[in-house]
Structures are given as structure tokens and as C-alpha cells.
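Engineer: give me a 3D structure for the following:
(chains A, B, C and D)
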There are 2 protein chains.
Amino acid sequence: MIQKISDNYTTLFEEDLLKEIDLIGIYKEVSEGFELIKPGNYIKFMPLIIRGAIKILRGDNDGDELLLYFLEKGDTCAMTLSCCLGHHKSEIKAITETDTELIMIPVEKMEEWTTKYKSWRSFVFDSYHKRLIEAIETIDSIAFLKMDDRLLKYLRDKTKINNSKIINTTHQQIAYDLHTSRVVISRLLKKLENNTIVKLNRNNIELL
Amino acid sequence: MIQKISDNYTTLFEEDLLKEIDLIGIYKEVSEGFELIKPGNYIKFMPLIIRGAIKILRGDNDGDELLLYFLEKGDTCAMTLSCCLGHHKSEIKAITETDTELIMIPVEKMEEWTTKYKSWRSFVFDSYHKRLIEAIETIDSIAFLKMDDRLLKYLRDKTKINNSKIINTTHQQIAYDLHTSRVVISRLLKKLENNTIVKLNRNNIELL
DNA sequence: CTCCATCTGTAACAAATGTTACTGTAAAGC
DNA sequence: GCTTTACAGTAACATTTGTTACAGATGGAG
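Structural biologist: Residues are numbered from 1 along each chain as shown, chains lettered A, B, ... in the order given. Prediction:
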């Protein structure tokens, strides 16, 4: 486990901290499409991502939802941090975007390590920073971009996360992530296809 | 200065930390409408707000802008924290909403105090947490609400911040904050007036 | 193969928001 | 007082996005 952490985290954790993670962390493999966190859950573990990607969504009271951002290897979930420190309920939804390996750290260790290890402190600050930036980028997209550009950005993010120009998803699923309707997405995708920016197949979109 | 801090911050800072703030912090009074931070600035100080309110805006490349949230007494600017720790340029704009008293802390002290004082660490974590929550609430508004509800929310936030049912501003200014056009705001305000939710005057809106 | 569920394409329309243009009115400066 | 400027009201129209309804295509289950 130590090896996996050092290989995938740019933050250099102290030797002692690595040993603690090795001792206390729970290694887990999760397959694609699993709902790790539901709105309303209390969170007892903090995930360190080793491989794969996790999609973080905001859900409102009526089942509407909106993609906030993706987490990748080396990341952790700042909302989880918030919830842990503040002992609040989750206000978000987390779903594995691909098969994912992660290490679960019990909440209690959070504060302890924050006091004890400088590198852990930096890691946590850095995570907050990244998430805040991502949240603000999401605001940029919604506020300043039209749906066609948001869609294109979404497709590009997807190819980056999955490391493949082929995106396996349905129009309906994209509509959920961008909080719009399926018809709108179909319409705009068709326009992108006419401009030879994508190629459309059933359950599958290729970014050219 | 120690008194001002202890009076206005719920986080209880240690005696030693309070002394350091007293010694190092620079007390400042800023009048309404002053632009504290411009996009592109490097930030050398971190503000602790004692009294008043600061409006934080996101600005894109073309001069478009959008209100992110307000800061009040007891708050600090998480984006500033980010910038300080990461030594990045500012990506936001900060304008005093009312006359404001604040204490400026030089960036160098940030990391030092984070290591040295537990209460400072909690304060910084808590600030990040609050800002992340606020950013996500802003996302909620833009993504899930129509302009009329966003406007009403905006007016209510304003009355809360300024502690008065009378809002002194122009339709154009609201339009900038919500990133829409003046005509749209005028139209919706008129509708709110017809429903006796507000009363409109020149440079001045009263929330009923 | 046939049936069925799911996915996609498209049209026609409705609603929300953005744009342009013009008017009147209050306040500020002279 | 008069003139100028900023602010607000309104109409007419354009664009974007959302909604409903239906038809055709695809692939899997039986």
C-alpha cells in the first residue's frame, strides 16, 4: 500500500505517515458506476484515490442534479473533508466514473494527522484549494458559456478522464450531468456532428 | 486590536496568537465601494474582517462578471488563502460592500501560524469549508433557479448583509452581479413590485 | 426470428432570457 | 432657471433553452 501511495501522490508524505496509512487505511477496489456517497449520508471515511476516477455531483431536493467535477488519482474529496471536520451530512453524490482503487482513512485520523504531519496538512490545504478552483470553474461554465460550449467542454473532460476519445454514454446521461433535457443534448450533438467535431454512434460518442 | 479580534471572531485564538496578530497585523479602515483585489493582482496580505462586508466577484476574460458571495465579520477570503499558499495570481475581484474594518496579515505568517497554532489551523480549515459551501450554493442558484428567484435571493442576501430592508443600488448594478442585462432586471423587479414584494424608487429598492 | 425495451432523430411549439431602441423622469451641475 | 447625465419603464423582436410527441433504429431476451 505504501508503494501505491508514493507512486500516485505528488505530495511526499513522511515515512511515519506512510506507515500509519499502511497500518490504518483500508484498501478497496470499486467497479464503475458504484454510488460511493449519497446525499444525506454521514461520512465516516475519507477516500484517497489511487487509480480511476470519481464523479462528484450536486443534487437538489427534487432529484435534479449537476456535475461538479471529477476526482482522479492523487485527489481526495474536499467535501468529505468538510463533512468530517464539521460532522455534517453529505450534500453531494459520488459515483465511480471508472473502475477505481482507493484507500479509506477513518475520520478520526484526520485531525490527528493534521496536527502531527506537515505533509498531511499541505495535502489537505492543497485539496481544498483545488476543489475551490474547480467549483469556481464550474460556475464559470454555467454562468458564462452557452449549452453548446458546455457540452463540448464536458466531452473533452470526459475523454481526458477516461483517457480515450470514445465516450460510452447516452444522451440522457449527459443531460443529467449538465442539468438539461435529452432532446437538447441530441440537438446539439447533431450540430457538432455536422461540424465534424464528433461522430455519433449508439451508446457511444467519438471526439474527432 | 486584540479586543476587536476576540469580539468578532467565534474561533477562540490562543493568547499568544492574539499577541502576534496585534504585533504584526495592520489595521485598516476602508470605505464602501473600494476595490481591494483586482484579477491579476498578486496578493501579499490576508484580510481578517472585523466589521462590514466584502463582495467577492468572479470576472472572466471579457469583463463579464458574477457575484460569488459576501464575506462578513469573522470571515477571511479563502481565495486569498489559496493564492497565498500556492503563490498564484488572484482570479477574483473583491469590493467593499459597506464601510469595512479589517486587519491585514502578511502572507509569510500564514504557513508559520498554521504550524504553530491549532486555533489558526481550525480557522483556516473552517474558512475553506465555508467558502466551498458558498460556492456550491452559488452553483445551485445559477443551475437550478430561474432569474426571478435568483433576483429575490440576491435582494434578500443584500438586506441581510446590510442589515436594512432598503437596498441602495441601480438595476444596472444588479444586472452586473447576476450577469444578465439591465432590461431583464427592470422587467423582473416590476413584476415583483406588482406582486407587492418590493417597492421601487430611484437608486433604491425596498423589500417588503 | 419476433418482441420489447432503450436509444436516437426530428418537428412543432412554449417559455425564458437577451437585445435594441426609444421615452420620460429625477438629480446634479451650471 | 436651464442643461446634461444617469436611471428606469416599456415595446418589439431575436435567440436560446425547455417540452411534448412521435417515429425509426438497434440490440438483447425469449
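
Engineer: who touches A:Ile139 in this structure?
Structural biologist: Contacts for A:Ile139 (C-beta atoms under 8 Å, 6 or more residues apart in numbering or on different chains) come out as B:58, B:66, B:68, B:135, B:138-139, B:142. Placement of C-beta: from N, CA and C, glycine included.

Engineer: among the residues you listed, which lie within helices?
Structural biologist: Among these, DSSP state H puts B:135, B:138-139, B:142 in helices.

Engineer: close to chain B, is stretch A:68-80?
Structural biologist: Yes: Stretch A:68-80 lies within reach of chain B by C-beta under 8 Å from any C-beta of the partner chain, at A:68, A:78-79.

Engineer: which one of those sits closest to DNA strand C?
Structural biologist: DNA strand C has its nearest neighbour among the residues of stretch A:68-80 next to chain B in A:Leu68, at 21.1 Å by C-beta to the nearest atom of the strand.

Engineer: quick one, what contacts that closest one?
Structural biologist: A:56-58, A:92, A:134-135, A:138, B:136, B:139.

Engineer: got a pLDDT number for it?
Structural biologist: At A:Leu68, the pLDDT value in this model is 94.

Engineer: do the same with A:Lys89
Structural biologist: At A:Lys89, pLDDT is 61.

Engineer: before we move on, back to that, turn the contacts of A:Ile139 into TSV, including distance to B:Ile103.
Structural biologist: As requested, these are exported to TSV (distance: C-beta to C-beta, whole Å):
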residue	distance to B:Ile103
B:Arg58	25
B:Leu66	28
B:Leu68	22
B:Ala135	24
B:Thr138	27
B:Ile139	31
B:Ile142	33
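
Engineer: out of these, who's the most crowded?
Structural biologist: B:Ala135 (25 neighbours; other C-beta atoms under 10 Å in any protein chain shown).

Engineer: my guess is that residue contacts B:Met79, does it?
Structural biologist: No: counting by C-beta atoms under 8 Å, B:Ala135 does not reach B:Met79; the two are 9.6 Å apart.

Engineer: identify the contacts common to these two.
Structural biologist: A:Leu132.

Engineer: quick one on the thing from earlier: mind picking the lowest-pLDDT entry from the contacts of A:Leu68?
Structural biologist: A:Ile92 (86).

Engineer: any idea what sits nearest it, other than its immediate chain neighbours?
Structural biologist: Nearest residue to A:Ile92 in three dimensions, chain neighbours excluded: A:Met79, at 5.2 Å (C-beta to C-beta, 6 or more residues apart in numbering or on different chains).

Engineer: isn't there a helix covering the one you found?
Structural biologist: Yes: counting by DSSP: H, G, I helix; E, B strand; the rest coil, A:Met79 is located in a helix.

Engineer: so it makes contact with B:Tyr128?
Structural biologist: No: using C-beta under 8 Å, A:Met79 is not in contact with B:Tyr128; the gap is 11.2 Å.

Engineer: what about A:Lys158, how many neighbours?
Structural biologist: 23.

Engineer: C-terminal to the helix or strand hosting it, what's the next element?
Structural biologist: Element membership for A:Lys158 (DSSP states H and E) is helix A:147-162. The element immediately downstream of helix A:147-162 (helix or strand, assigned by DSSP H and E) is strand A:166-167.

Engineer: so what's the gap between that next one and the chain middle?
Structural biologist: Chain-centre distance of strand A:166-167: 18 Å, with C-alpha atoms, centre = their mean, to the nearest Å.

Engineer: give the other helices and strands that that strand contacts.
Structural biologist: Packing contacts for strand A:166-167, counted by 3 or more C-beta pairs under 8 Å, 6 or more residues apart in numbering or on different chains; DSSP states H and E, involve helix A:147-162, strand A:204-207.

Engineer: one more time with 10 Å, if that's ok
Structural biologist: helix A:147-162, strand A:198-201, strand A:204-207 (3 or more C-beta pairs under 10 Å, 6 or more residues apart in numbering or on different chains; DSSP states H and E).

Engineer: does the second one reach DNA strand D?
Structural biologist: No: using C-beta under 7 Å from any atom of the strand as the criterion, no contacts between strand A:198-201 and DNA strand D are found, and the smallest distance is 7.8 Å.

Engineer: kindly report the same for the first one.
Structural biologist: Yes: judged by C-beta under 7 Å from any atom of the strand, helix A:147-162 and DNA strand D are in contact via A:147-148.

Engineer: any idea of the mean pLDDT in that helix?
Structural biologist: Helix A:147-162 comes out at a mean pLDDT of 94.

Engineer: what comes up buried for it?
Structural biologist: Neighbour counts over helix A:147-162 (16 or more other C-beta atoms under 10 Å in any protein chain shown) mark A:150-152, A:154-155, A:158-159, A:161-162 as buried.

Engineer: do stretch A:200-208 as well
Structural biologist: So, applying 16+ other C-beta under 10 Å, buried residues of stretch A:200-208: A:205, A:207.

Engineer: from the residues of stretch A:68-80 next to chain B, pick the one nearest A:Gln3.
Structural biologist: Distance to A:Gln3, by C-beta to C-beta, is smallest for A:Ala78 among the residues of stretch A:68-80 next to chain B, at 25.6 Å.

Engineer: on the pLDDT front, check the closest one for me.
Structural biologist: 78.

Engineer: ok, the closest residue in space to it that isn't next to it in sequence - contacts?
Structural biologist: Nearest residue to A:Ala78, sequence neighbours excluded (C-beta to C-beta, 6+ apart): A:Arg131, at 3.6 Å. A:Arg131 is in contact with A:56, A:68-69, A:71, A:75-79, A:81-82, B:128, B:132, B:135-136, counting by C-beta atoms under 10 Å, 6 or more residues apart in numbering or on different chains.

Engineer: next secondary structure after the helix or strand bottoming out on mean pLDDT in chain A?
Structural biologist: When the helices and strands of chain A are scored by mean pLDDT, DSSP states H and E, helix A:78-86 comes last with a mean of 68. Where DSSP H and E defines the elements, the next helix or strand beyond helix A:78-86 is strand A:92-96.

Engineer: for chain A, give me the ranges with low pLDDT.
Structural biologist: Across chain A, residues meeting the criterion (pLDDT under 70) sit at A:2, A:10-11, A:61-62, A:82-90.

Engineer: can you list the domains in it?
Structural biologist: Using automatic domain parsing, the domain parsing of chain A gives A:2-143, A:147-207.
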